[in-house]
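Visitor: Here is the input, now give the coordinates:
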Amino acid sequence: MQKILAILDRRGHWVAFAAGIALAGAFAPVGFWPLAIASPAVLFLLWHRSEPRTAARRGFLYTAGTFLAGTYWLYHSIHLVGQAPVWIALFLMVGLVAIMGSYTAVLGYVVARWGRPSGVLRWLVLLPAGWVLVEWFRGWFLSGFPWLALGYTQLETVLAGYAPAGGVYGTSLAVAVLAGALVTMLLGSRRDRIVAVAAAVGIVAAGVLLARVEWTQPTGTSVTVALVQGAVPQSMKWEPGQRERTLALYAGLTEPHYGRDIIVWPEAALPALEQDVRGFLDGIRAAAQARGSTLVAGLLKRDAGSGAYYNAMAAFAEGEQWYYKRRLVPFGEFFPVPDAVREWMRLMNLPYSDFEAGPQIQPPLVAAGERLAPTICYEDAYAAEQLPIVRESTLLVNVTNDAWFGDSTAPHQHLDISRMRALETGRPMLRATNDGVTALIAHDGSLLGHLPQFEPAVLAGEVEPRVGETPYVRLGNLPVLFLAFLGLAAGLVPNLRAAVQGGAP
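Guide: Prediction:
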């Protein structure tokens, strides 16, 4: 083992970068979940007896590798589809990678400077706790980017049972502990190894038991649904003359499914403001209502009073109910820049747009007698923000436009995020996308059906609305964060105290 550690130390920076790239393979569409355990274990090994600055550099390179490989599609969406100049696309992509990497760099520095040098408290407690806190922090700080959390890799494993109990971060914690157990079995004493084996067996056994618990209950009714996927390429969507073709497309796809309880159109389904196609929408609404259907559609709306633009979702039942997107995409739906920079962008003919964010607290949409917890686009990645509305709802609905990402890994990663939300909340999800992956997701995160990408089609099916609260819906991230901060304190406080008192850490 000492020879392996010596090799890792000589090639540590390259190994960290390569291990980070490998972690991306644990996520969809590759989905080789063992990498979610093995890859962090390599980083933990690289941090063993590293100097603080070295640990920081390796942590940075590790996460930079993960996000370069895992979110390369940002370049596609910003430059190829969004038509921003290459330098802006590269700047934003590299900037995101650098920010994500800096969080892991800080963790590496801290554990190398003040963490216990070895033993169970380091490998099974401190490092997993620090990992989860980094995931949580990067999910909200500076607007947040809660992508590529370890928990998303476990939807098909026994560790999925942790999701309803502790959410995606609770699942990440279980994975990180297994990575720590692997390192302990390689580096630890005989006693440490026994503890590591016991911890690993306990983690797996608890996952199996948790997966058998039915946290929510069906309402006793079923709802028939039709999810419409127009598959209009983003590059064509706003071309002159495309509007009428798109209206005809959605009318034609929808008409055979009148009579189903709920019909869902994806995010910004029509290339127009809602007020500009009001006559068309009224006709669809009347036809749907005549057959007992409620149309739920993603639309762009301009508020007549304030002039603000909203990325919205509407339920057309007896009356109209609107949900306005709360979590906007930086540099996509709004530009967090001063007015002077905005004026410069206008003069340089650089593309930009600004939507207004909706209120943080909004009621569920009511359709076919069911209460729908709505999210638009990547809003469903912000799990904790959805909990207030989920508690009042019986179904989840997400409309999104993953056409921005083309034939990349992004739509598949996003699908797993939606599956995790269904599993965490114990509620089925209706997921309508512009060009894939449109899916019906059961309350346990499994797929009831999905459509192939890039094909105009309708996914028809049936779901069972559910009520009740999983532990995660009731408590959110608080229990996991408490455990993580406790683990961080257990691994750092003794050496921090010694440093403050002038002792050698």
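Visitor: Distance check, residue 288 against residue 105.
Guide: 53 Å (CB to CB, to the nearest Å). (Each C-beta comes from the backbone N, C-alpha and C, glycine too.)
Visitor: ditto for residue 14
Guide: Distance, residue 14 to residue 105, by CB to CB: 16 Å.
Visitor: do residue 454 as well
Guide: 39 Å.
Visitor: For the protein, give the helix that spans the most residues.
Guide: Secondary structure of the chain per DSSP state H: the longest helix is helix 86-114.
Visitor: Identify each buried residue in it, please.
Guide: The neighbour-count check on helix 86-114 (16 or more other CB atoms under 10 Å) flags 88-89, 92-93, 96-97, 100-114 as buried.
Visitor: cool, and stretch 461-472?
Guide: So, applying 16+ other CB under 10 Å, buried residues of stretch 461-472: 461, 463-472.
Visitor: What is the burial count for residue 300?
Guide: 20 (other CB atoms under 10 Å).
Visitor: Over to it. Which of the three states is it?
Guide: strand (DSSP: H, G, I helix; E, B strand; the rest coil).
Visitor: Model confidence for it, exactly?
Guide: As predicted, residue 300 sits at a pLDDT of 95.
Visitor: For residue 255, give me its contacts.
Guide: residue 287 (CB atoms under 8 Å, 6 or more residues apart in numbering).
Visitor: Would you map the strands across the stretch 251-400 of the chain?
Guide: 262-264, 294-302, 309-316, 320-324, 365-367, 370-376, 395-400 (DSSP state E, counting those that start in this stretch).
Visitor: Equivalent analysis for the stretch 401-505 of the chain, please.
Guide: Under DSSP E, counting those that start in this stretch, the stretch 401-505 of the chain gives strands at 429-433, 439-441, 447-450, 457-463, 466-467.
Visitor: could the ones you listed go into CSV alongside mean pLDDT and distance to residue 417?
Guide: Shown next, in CSV, are these (pLDDT from 0 to 100; distance: least, CB to CB, whole Å):
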stretch, mean pLDDT, distance to residue 417
strand 429-433, 98, 10
strand 439-441, 98, 11
strand 447-450, 97, 14
strand 457-463, 98, 18
strand 466-467, 98, 20
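Visitor: So which of the ones you listed is the most surrounded?
Guide: Of all those, strand 429-433 has the most neighbours on average by mean count of other CB atoms under 10 Å, namely a mean of 29.
Visitor: Taking their axis directions, that one and strand 457-463 sit at what angle?
Guide: With axes from the mean of the first three to the mean of the last three CA atoms, to 10 degrees applied, the angle from strand 429-433 to strand 457-463 works out at 180 degrees.
Visitor: Could you list every helix and strand in contact with strand 429-433?
Guide: If contacts are counted by 3 or more CB pairs under 8 Å, 6 or more residues apart in numbering; DSSP states H and E, strand 429-433 sits against strand 223-229, strand 262-264, strand 395-400, helix 410-425, strand 439-441.
Visitor: Among these, which comes closest to residue 143?
Guide: Smallest distance to residue 143 across those (CB to CB): 16.7 Å, for helix 410-425.
Visitor: so where's the stretch 201-350 of the chain uncertain?
Guide: Scanning the stretch 201-350 of the chain for pLDDT under 70 picks out the ranges 331-350.
Visitor: Show me the helices in it, by range?
Guide: Assignment of helices within the stretch 201-350 of the chain using DSSP state H, counting those that start in this stretch yields the ranges 234-237, 242-254, 278-290, 339-347.
Visitor: now for those, which one comes closest to residue 401?
Guide: Among these, helix 234-237 comes nearest to residue 401, with 7.4 Å by CB to CB.
Visitor: Give the burial count for the closest residue in space to residue 122 that isn't next to it in sequence, as a bare number.
Guide: Leaving aside its sequence neighbours, residue 122 sits nearest to residue 116 (CB to CB, 6 or more residues apart in numbering; 4.4 Å). Residues lying near residue 116 (other CB under 10 Å) number 19.
Visitor: For residue 116, give me its contacts.
Guide: 122, 126, 491, 494-495.
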